[in-house]
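**Student:** Here is a sequence with its predicted model. Questions after.
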Amino acid sequence: MSGLFISFEGIDGAGKSTHIDALAQAFRAQGRVVTLSREPGGTPLAEKLRGLVLNEAMDAMTEALLVFAARRDHVQQVILPALARGEVVLCDRFTDATFAYQGGGRGFDLQTLGVLEQWVQGTGEGALLQPQLTIWFDLPPSVAAQRLASARVPDKFESQPQAFFEKVAQGYAQRLAADPQRFARINADQTTDAVWRDVAQAVKGKGLLP
Ligand SMILES: Nc1ncnc2c1ncn2[C@@H]1O[C@H](COP(=O)(O)OP(=O)(O)OP(=O)(O)O)[C@@H](O)[C@H]1O
Ligand SMILES: Cc1cn([C@H]2C[C@H](O)[C@@H](COP(=O)(O)O)O2)c(=O)[nH]c1=O
């Protein structure tokens, strides 16, 4: 069986985590082995870098370099081996988040991010490791802020103003426009059941679940 790589994206509080476990269960019910992971993070080293990125003040380039360093370790240690074993890798965020947060939100140069993407995810002869499917939970920043206000103490990104998340959302929209086949855009401003229905439909629509 060939490996399958799915990523989940959206602004903070968009509702990704709520559905990743449910999708893992759906794949396990089909007899698939599932690797659940997240970015930044997913390895001991990358989790240390996550702690820095989410808690320390730094400029946009430092943030970009740290998330790509974490990604390199994660890709080498976890994602590629799991795909080689034929597993389903469900990853809470991947490189689209860097283009959205560091590129869109922070305004860091997109061309430089493209070079780093090639370095970190290049698999030879110009090919790039990318998810087969990216599920983008699209939620207005005002709604996400309301959801998060009652959910947890905000980290460095979650404390950003609404205008930052408007730019992050534009960053995601640009990534979708550049690679529409890979993306499923989900209206996350619905009940949890309705969002799950759309998530399941997106995965089935790609022929990844019966
Ligand atoms: N459809 C929904 N309607 C109302 N509340 C929701 C919905 N989906 C998730 N929530 C709630 O919103 C909050 C954020 O959800 P969740 O943690 O799944 O988002 P997330 O995208 O994983 O966020 P982050 O990326 O910041 O970790 C949680 O309290 C969750 O219970
Ligand atoms: C991969 C990645 C993530 N971020 C930001 C986005 C979120 O605010 C946090 C991760 O927190 P989550 O609760 O696990 O969603 O990190 C980023 O700025 N750049 C990235 O590449």
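**Tutor:** Ah, there it is. Numbers count the residues shown, from 1 in each chain. Ligands and ions are numbered 1, 2, ... in the order given.
**Student:** what does this protein put close to ligand 1?
**Tutor:** Applying the criterion CB under 6 Å from any ligand atom, the portion of the chain that neighbours ligand 1 consists of 10, 12-18, 147, 151, 191-192, 195. Yep, even glycine has a C-beta here, placed from its N, CA and C like the rest.
**Student:** So what touches the longest helix anywhere in the chain?
**Tutor:** The helix that spans the most residues within the chain, counting by DSSP state H, is helix 162-178. Residues external to helix 162-178 that are found in contact with it (CB atoms under 8 Å, 6 or more residues apart in numbering): 9-12, 96, 99-101, 103-105, 107, 136, 138, 141-142, 144-145, 183, 185.
**Student:** Could you write me a ChimeraX select line covering just the buried ones among the residues of the chain next to ligand 1?
**Tutor:** Those of the residues of the chain next to ligand 1 that count as buried under 16 or more other CB atoms under 10 Å are selected in ChimeraX with:
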select :10,12,13,14,15,16,195
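**Student:** can you tell me which of the residues of the chain next to ligand 1 are up against ligand 2?
**Tutor:** Taking CB under 6 Å from any ligand atom, the overlap between the residues of the chain next to ligand 1 and the neighbourhood of ligand 2 is residue 12.
**Student:** which ones among the residues of the chain next to ligand 1 are found in helices?
**Tutor:** Within the residues of the chain next to ligand 1, residues falling in helices by DSSP H are 16-18, 147, 192, 195.
**Student:** circling back: for the longest helix of the chain, buried residues please.
**Tutor:** Residues of helix 162-178 classed as buried by neighbour count (16+ other CB under 10 Å): 164-169, 171-173, 175-176.
**Student:** Looking at the residues of the chain next to ligand 1, which is nearest ligand 2?
**Tutor:** Ranking the residues of the chain next to ligand 1 by separation from ligand 2, with CB to the nearest ligand atom as the measure, puts residue 12 on top at 4.8 Å.
**Student:** thought the closest one was touching residue 144?
**Tutor:** Yes. With the criterion set as CB atoms under 8 Å, residue 12 and residue 144 qualify as a contacting pair; they are 6.4 Å apart.
**Student:** Secondary structure class of residue 186, three-state.
**Tutor:** Secondary structure state of residue 186, per DSSP: H, G, I helix; E, B strand; the rest coil, is strand.
**Student:** coming back round to it: identify the farthest-apart pair in the residues of the chain next to ligand 1.
**Tutor:** When the residues of the chain next to ligand 1 are compared pair by pair using CB to CB, the farthest-apart members prove to be 12 and 191, with a separation of 19.9 Å.
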